[in-house]
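> Coordinates only, no sequence provided:
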């Protein structure tokens, strides 16, 4: 991030011409964390958001394990263990839609007009929103784990495996947030953001190894699943949480996909934000 200048009112007595304030990379980071705290405080102001984050994992785990478990593997306990990493990934990935939705709402309400008048980095509102949303995703991960453990899920990878797997899916989610932010800036209404987001996220998650092993898919879909970034995330989480197989390959692929998605959508999101605001 290069240093930029933002115009602000001179502090000279009696008023004077606007003078630029230099925004350094350090200032950009500070601005991002300040606005991230604003995003976290919105959770306190809207406790129903936390309720939604808690209820959705309960619904997904209950439906998939008890409704589909017996049909999928003939043993719902075995499917529960297979499914839990995939449910965590799906819950967090779907939650990233909230980033674009929230940003679109802020634009409609004129909040970004206020941000433009402040001597802050132009990317700070986007960065702050995404950092704040990572707190929400952490709540989602914790809730899915608690529900899973309540029905007997015991990760063989232990605490370390669970923590590393959670960090990995949050890292991947941070990249998807930039894609969600881009959609939120180019689509005009929050409801349209949600609709377009679901069109993107549903194929991404359901054509992966989150719910069904790729070996059980049609041959043409196996090729799609094998190259799906969500498959790499879920496979890495399974290896870490269940202590099955080598996690190095899937972890590396997850990091690569995170870097690629961020490299593509970070500049696009900032460009779309500047264009719209």
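In hand now; what should we look at? Being a predicted model, the structure only gives us computed values, none of them experimental.
> where along the stretch 1-150 of the chain do the helices fall?
Counting by DSSP state H, counting those that start in this stretch, one finds helices in the stretch 1-150 of the chain at the ranges 25-45, 47-62, 69-73, 76-95, 97-109, 111-116, 124-150.
> what packs against the third one?
Counting contacts by 3 or more C-beta pairs under 8 Å, 6 or more residues apart in numbering; DSSP states H and E, helix 69-73 is packed against helix 76-95. C-beta coordinates here come from the backbone N, C-alpha and C atoms, glycine included.
> would you turn the helices of the stretch 1-150 of the chain into JSON lines with mean neighbour count, distance to residue 161 and mean pLDDT?
Listed next are those as JSON lines, based on neighbours: other C-beta atoms under 10 Å; distance: least, C-beta to C-beta, whole Å; pLDDT from 0 to 100:
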{"stretch": "helix 25-45", "mean neighbour count": "15", "distance to residue 161": "27", "mean pLDDT": "75"}
{"stretch": "helix 47-62", "mean neighbour count": "15", "distance to residue 161": "19", "mean pLDDT": "75"}
{"stretch": "helix 69-73", "mean neighbour count": "15", "distance to residue 161": "22", "mean pLDDT": "74"}
{"stretch": "helix 76-95", "mean neighbour count": "23", "distance to residue 161": "10", "mean pLDDT": "89"}
{"stretch": "helix 97-109", "mean neighbour count": "21", "distance to residue 161": "27", "mean pLDDT": "83"}
{"stretch": "helix 111-116", "mean neighbour count": "14", "distance to residue 161": "40", "mean pLDDT": "71"}
{"stretch": "helix 124-150", "mean neighbour count": "21", "distance to residue 161": "12", "mean pLDDT": "86"}
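> Figure out which of the ones you listed is closest to residue 198.
helix 97-109 (7.0 Å; C-beta to C-beta).
> Run through who's touching that closest one.
For helix 97-109, contacts defined as C-beta atoms under 8 Å, 6 or more residues apart in numbering pick out 39, 112, 125-126, 129-130, 133, 136, 177, 180-185, 187-190, 193-194, 197-198, 201, 273, 276-277.
> now stretch 69-79
By C-beta under 8 Å, 6+ apart, stretch 69-79 touches 64, 65, 66, 68, 80, 82, 83, 152, 211, 212.
> Tell me who's in contact with the spatially most central residue of the chain.
Nearest to the mean C-alpha position of the chain, counting by C-alpha atoms, centre = their mean, stands residue 173 at 3.1 Å. Contacts for residue 173 (C-beta under 8 Å, 6+ apart) come out as 92, 93, 95, 96, 134, 137.
> is it possible to export those to TSV including distance to residue 159?
Shown next, in TSV, are these (distance: C-beta to C-beta, whole Å):
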residue	distance to residue 159
92	19
93	24
95	23
96	26
134	20
137	19
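> Check these and tell me the two furthest apart.
Checked with C-beta to C-beta, the contacts of residue 173 reach their widest spread between 93 and 134, with 13.2 Å between them.
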